[in-house]
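from the sequence below, what's the structure:
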Amino acid sequence: MENIYLTIVLAPLFGAIVAGLFGRQIGRAGAHWITILGVGLSCVLSLNVLWQFITGEAEVYNQTVYTWLASGSFNFEVGFMVDTLTAVMMSVVTFVSLMVHIYTIGYMHDDPGYQRFFSYIALFTFSMLMLVMANNFVQLFFGWEAVGLVSYLLIGFWFKKETAIFANMKAFLVNRVGDLGFLLGIGCVLYFFGSLDYATVFAAAPSHANDTMTLFAGHEWSAMTVICILLFIGAMGKSAQAPLHVWLPDSMEGPTPISALIHAATMVTAGIFMVARMSPLFELSETALSFVLVIGATTALFTGLIGIVQNDIKRVVAYSTLSQLGYMTVALGASAYSAAIFHLMTHAFFKALLFLGAGSVIIAMHHKQDMREMGGLKKYMPITFITAWIGTVALVGVPFTSGFFSKDAIIEAVHHASRAGSGYAYACVLIGVLITALYSFRLLYLTFHGKERMDEHTRSHLHESPWVVTVPLVLLAIPSLFIGYFTVEPILFGGFFDGAIVVNAAHDPLLALGEDFHGPAAFALHGFTQWPFFLLLTGFGLATWIYMFRPDIADTIKARFKPIWTILDKKYGFDEFNQAVFGRGTVFLGRFLSKHGDQQIIDGLVVNGSARAVGWFSSVLRHVQSGYLYHYAFATILGLIALVTAFVLMGREGL
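Numbers count the residues shown, from 1 in each chain. Modelled structure (predicted):
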């Protein structure tokens with residue numbers, strides 16, 4: 001199996017290297033073929049591995065491939081841990097990445113950086129595979145930083161665009177904050193466990209459950225709580241949890257294919273996967289899990305609200321991603337790790353579908369992204385229209401769609417949880433259902449229905465996107481509708497992740513939920529009688545009434561609730577705060593230190609001051625150096641008298 005796992009990882013890397021270094025030689029067609037074949041091979045092998053786990057033919061694989069550095073008794077190793085959790089992640093990452101690769105042929109057709117873009121997205125896939133397949137914290141951190149690096153390159157892909165450069169630097173800096181916490185957490189793991197190997201750390205975790213550490217004098221902290229919170233801070237950066245969420249909406253400055261790849265299957269899901277993988281540690285800290293729960297609930301509700309006031313089609317979908325990541329994080333905090341991964345999987349399909357659908361619209365609109373300049377596109381773009389509706393009903397959680405099974409499972413799991421913060425989280429995820437329906441159907445109505453608001457030139461050139469764009473949409477629409485129905489039982493209630501995910505049975509909400517589970521059809525039918533469905537209908541009804549029949553009401557509501565609208569439009573002031581404190585604040589501090597620290601203290605006191613002191617001392621000595629012999633003789637006699645006096649005094653005192 002080792003050769004298969006190496007092929008899964010290295011095939012995208014090979015394509016990235018060839019397209020990146022030999023792009024001119026192989027041309028555009030060569031670049032997309034070599035990367036698509038590499039990712040396609042990885043996808044086929046990943047799906048085969050997943051199938052073997054489903055049929056019971058595969059066993060957990062945990063081996064070191066090679067040791068690349070030894071330091072004393074500690075080895076830095078590259079190795080793979082492949083279990084059911086890894087197999088699901090590998091399959092999702094490679095399948096969505098393959099769809100994005102195919103889609104990119106049409107979207108980036110005329111871009112001068114065509115070969116470079118294919119190299120980057122293949123490298124992105126390699127980095128994510130290294131992360132999810134790691135069997136130790138060092139390799140995990142390598143993949144963690146690699147996806148961060150490639151996201152920086154892709155968000156700023158159009159590097160001549162000032163907003164793109166600002167966005168990729170913002171993503172880079174915000175993630176450095178999270179990565180600092182992540183690295184400190186890994187350091188604490190090494191300190192307490194003496195190893196960075198997953199199996200070793202997880203096996204020893206119960207024996208360290210009561211370990212403490214001193215962060216501040218006189219205050220003892222649970223070592224496990226500190227480790228888990230530090231690791232989760234890393235996840236807050238990568239998976240864009242408040243307040244480290246601010247980089248993700250701005251990542252829309254990159255081309256649409258990378259928006260889909262970042263939001264659906266790679267970078268933002270890394271934090272969710274990491275916490276699920278670390279479940280043996282998190283289950284030992286109720287405090288850390290409550291922290292995760294509250295952060296996730298806050299993100300789910302309040303970032304979703306921002307989506308209501310956005311007019312850029314990609315930004316609406318971006319804030320939807322933030323909200324759905326909050327749902328996944330809530331599931332982690334409620335110890336429903338399987339539900340988090342389940343929603344990660346279903347979300348990858350319908351969110352990639354929505355992003356690529358938005359990209360199809362942008363192509364047709366000649367790269368205009370303001371929904372206020374669209375409308376009535378359904379008759380020009382029937383395939384995009386139908387697949388966008390499929391993605392939307394899955395996102396809002398209409399019963400029987402994939403999104404329903406995963407999102408409602410999270411809501412019910414939180415409802416059954418008794419952990420501190422679970423009541424607040426339940427309220428947030430319930431209200432979030434209404435909010436999700438409102439901004440999702442608003443997007444559909446403004447884009448595909450109603451009056452045509454584009455200019456005449458754009459209208460005359462409207463047409464459906466080419467097959468390389470529409471085929472990935474259709475292939476993503478199928479699992480968006482059906483995969484949840486066929487996988488909800490084994491993933492949530494069939495023990496599919498047993499051994500890969502560890503949950504304390506005393507507070508496992510899925511156990512209680514499983515007692516009332518009587519099959520996916522019954523679960524979906526039961527959903528028609530629950531609060532989430534009624535809230536979904538409320539959001540759908542509001543959006544339909546306002547944006548289909550009474551669009552003038554939207555302006556009235558905006559004027560009447562201007563303060564609230566301004567707060568949402570300003571994104572709660574996070575950008576202004578960061579700009580003032582960390583932007584202008586650091587610039588001011590730098591200038592202050594440059595003027596008062598560098599110029600006045602270092603240059604003025606240390607460098608120039610020492611030079612002036614030497615000059616002054618030299619000017620004093622200069623008067624002594626008169627050149628007259630009797631002056632020197634007199635100074636010698638005075639010195640001799642001083643020495644004799646000193647010796648006499650020292651002798652009297654017995655020294």
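
only C-alpha atoms for contact and neighbour calcs from this point on.
Will do.

list the helices and strands the longest strand belonging to the chain packs on?
Identified as the longest strand of the chain according to DSSP state E is strand 61-71. Using 3 or more C-alpha pairs under 8 Å, 6 or more residues apart in numbering; DSSP states H and E, the elements in contact with strand 61-71 are strand 74-82.

what is the strand it packs on packed up against?
With contacts taken as 3+ C-alpha pairs under 8 Å, 6+ apart, strand 74-82 sits against strand 61-71, helix 137-155.

tabulate the ones you listed in a markdown table, adding columns for mean neighbour count and mean pLDDT.
A markdown table is the format used below for the helices and strands packed on strand 74-82 (neighbours: other C-alpha atoms under 10 Å; pLDDT from 0 to 100):
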| stretch | mean neighbour count | mean pLDDT |
| --- | --- | --- |
| strand 61-71 | 12 | 88 |
| helix 137-155 | 22 | 94 |
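
which of the ones you listed sits closest to M1?
Nearest of the helices and strands packed on strand 74-82 to M1, taken as C-alpha to C-alpha: strand 61-71 at 8.2 Å.

for that closest one, list the C-alpha coordinates in PDB.
The C-alpha trace of strand 61-71 is given here as PDB (Å, rounded to 0.1, in the frame of the first residue of the first chain):
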ATOM      1  CA  TYR A  61      -1.900   2.100   7.700                       C
ATOM      2  CA  ASN A  62       0.600   3.900   9.900                       C
ATOM      3  CA  GLN A  63       4.200   3.700   8.700                       C
ATOM      4  CA  THR A  64       7.200   6.000   8.400                       C
ATOM      5  CA  VAL A  65       8.300   6.500   4.800                       C
ATOM      6  CA  TYR A  66      11.700   8.000   5.700                       C
ATOM      7  CA  THR A  67      13.500  10.000   8.300                       C
ATOM      8  CA  TRP A  68      14.700  13.300   7.000                       C
ATOM      9  CA  LEU A  69      16.400  14.700  10.100                       C
ATOM     10  CA  ALA A  70      17.600  13.200  13.400                       C
ATOM     11  CA  SER A  71      18.300  15.400  16.400                       C
END
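
and the angle for that strand with strand 74-82?
Inter-element angle recorded for strand 61-71 and strand 74-82: 160 degrees (by axes from the mean of the first three to the mean of the last three C-alpha atoms, to 10 degrees).

quick one: strands adjacent to strand 61-71?
strand 74-82 (antiparallel) (DSSP bridges).

who's in contact with the partner strand?
Strand 74-82 is contacted from outside by 5, 60-70, 133-136, 138-139, 195, using C-alpha atoms under 8 Å, 6 or more residues apart in numbering.

for the host helix or strand of L643, the averaged confidence score.
Here L643 sits within helix 629-652, counting by DSSP states H and E. In this model, helix 629-652 carries a mean pLDDT of 77.

same check, this time on stretch 294-311
Here stretch 294-311 scores 96 as its mean pLDDT.

ok, and what's touching it?
Contact with stretch 294-311 is made by 241-242, 315-317, 319-320, 322-330, 333, 370-372, 421-422, 424-426, 428-429, 431-432, 435-436, 438-439, 442, 565, 568-569, 571, as judged by C-alpha under 8 Å, 6+ apart.

can you flag which of the residues you listed belong to helices?
315-317, 319-320, 322-330, 333, 422, 424-426, 428-429, 431-432, 435-436, 438-439, 442, 565, 568-569 (DSSP state H).

pull the strand or helix carrying I478 out as CSV, backbone CA atoms only.
I478 is part of helix 467-488 when elements are defined by DSSP H and E. C-alpha atoms of helix 467-488 as CSV (Å, rounded to 0.1, in the frame of the first residue of the first chain):
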residue,chain,number,x,y,z
TRP,A,467,-18.7,22.3,-21.5
VAL,A,468,-15.5,22.4,-19.5
VAL,A,469,-17.3,24.7,-17.1
THR,A,470,-20.8,23.0,-17.1
VAL,A,471,-19.6,19.4,-16.9
PRO,A,472,-18.0,20.0,-13.4
LEU,A,473,-21.2,21.7,-12.3
VAL,A,474,-23.3,18.7,-13.2
LEU,A,475,-20.8,16.3,-11.6
LEU,A,476,-20.8,18.3,-8.4
ALA,A,477,-24.6,18.7,-8.4
ILE,A,478,-25.1,14.9,-8.2
PRO,A,479,-23.4,14.3,-4.8
SER,A,480,-24.8,17.6,-3.6
LEU,A,481,-28.2,16.0,-3.9
PHE,A,482,-27.7,12.4,-3.1
ILE,A,483,-24.5,11.6,-1.2
GLY,A,484,-25.9,12.6,2.2
TYR,A,485,-28.8,10.1,1.9
PHE,A,486,-26.5,7.1,1.3
THR,A,487,-23.8,8.0,3.8
VAL,A,488,-25.6,9.5,6.8
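
can you name the next helix or strand after that helix?
Using DSSP H and E, the first helix or strand after helix 467-488 is helix 509-514.

same for that next one, what does it pack against?
So helix 509-514, by 3+ C-alpha pairs under 8 Å, 6+ apart, packs with helix 402-416.

show me what the helix it packs on is packed against.
When contacts are defined as 3+ C-alpha pairs under 8 Å, 6+ apart, helix 402-416 packs onto helix 313-333, helix 337-364, helix 382-396, helix 422-448, helix 467-488, helix 509-514, helix 520-527.

compare these and give me the one nearest G495.
If you check each of the helices and strands packed on helix 402-416 against G495 by C-alpha to C-alpha, helix 337-364 wins as the nearest, at 9.2 Å.

quick one on the thing from earlier: contact partners of the helix holding I478?
Contacts of helix 467-488 (C-alpha under 8 Å, 6+ apart): 99-100, 102-107, 342, 346-347, 349-350, 352-353, 356-357, 360, 383-384, 387, 390-391, 394, 400-406, 520-521.

list only those of those flagged as buried.
Buried residues within those, counting neighbours by 16 or more other C-alpha atoms under 10 Å: 99-100, 102-107, 342, 346-347, 349-350, 352-353, 356-357, 360, 383-384, 387, 390-391, 394, 400-406, 520.

now do the contacts for T256.
Listed by C-alpha under 8 Å, 6+ apart, the contact partners of T256 are 355-356, 358-359.

got those residues as TSV, with pLDDT and distance to H263 columns?
TSV is the format used below for the contacts of T256 (pLDDT from 0 to 100; distance: C-alpha to C-alpha, whole Å):
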residue	pLDDT	distance to H263
F355	94	9
L356	94	11
A358	94	13
G359	93	14
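
go ahead and confirm S42 touches P12.
Yes: contact criterion C-alpha atoms under 8 Å: S42 and P12 qualify, at 7.2 Å.

and K451, that's in a strand?
No: with DSSP: H, G, I helix; E, B strand; the rest coil as the criterion, K451 is located in coil rather than a strand.

now do the helix or strand hosting F617: distance to the chain's middle.
Assessed by DSSP H and E, F617 sits inside helix 608-624. Taking C-alpha atoms, centre = their mean, to the nearest Å, one finds helix 608-624 lying 61 Å from the centre of the chain it belongs to.

the inter-axis angle of that helix versus helix 629-652?
Going by the same axes, to 10 degrees, helix 608-624 makes 110 degrees with helix 629-652.

for helix 608-624, what is the average pLDDT?
Helix 608-624 carries an average pLDDT of 73.

same deal with stretch 410-427?
Per-residue scores along stretch 410-427 average to 95.

before we move on, what about stretch 246-254?
Mean predicted confidence for stretch 246-254 is 89.

for the helix holding L643, packing partners?
Packing partners of helix 629-652 (3+ C-alpha pairs under 8 Å, 6+ apart): none among the helices and strands.

what is the least confident helix or strand in this protein?
The helix or strand of the chain with the poorest confidence is helix 585-592; it has a mean of 67 (mean pLDDT, DSSP states H and E).

returning to what we had before: let's have the helices and strands packed on strand 74-82 in CSV, adding distance to S480.
Shown next, in CSV, are these (distance: least, C-alpha to C-alpha, whole Å):
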stretch, distance to S480
strand 61-71, 30
helix 137-155, 25
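
between the ones you listed, which gets nearest to R176?
Closest of those to R176 is helix 137-155, at 9.2 Å (criterion: C-alpha to C-alpha).

who are the packing partners of that closest one?
Partner elements for helix 137-155 (3+ C-alpha pairs under 8 Å, 6+ apart): strand 74-82, helix 114-132, helix 162-193, helix 256-264, helix 267-277.
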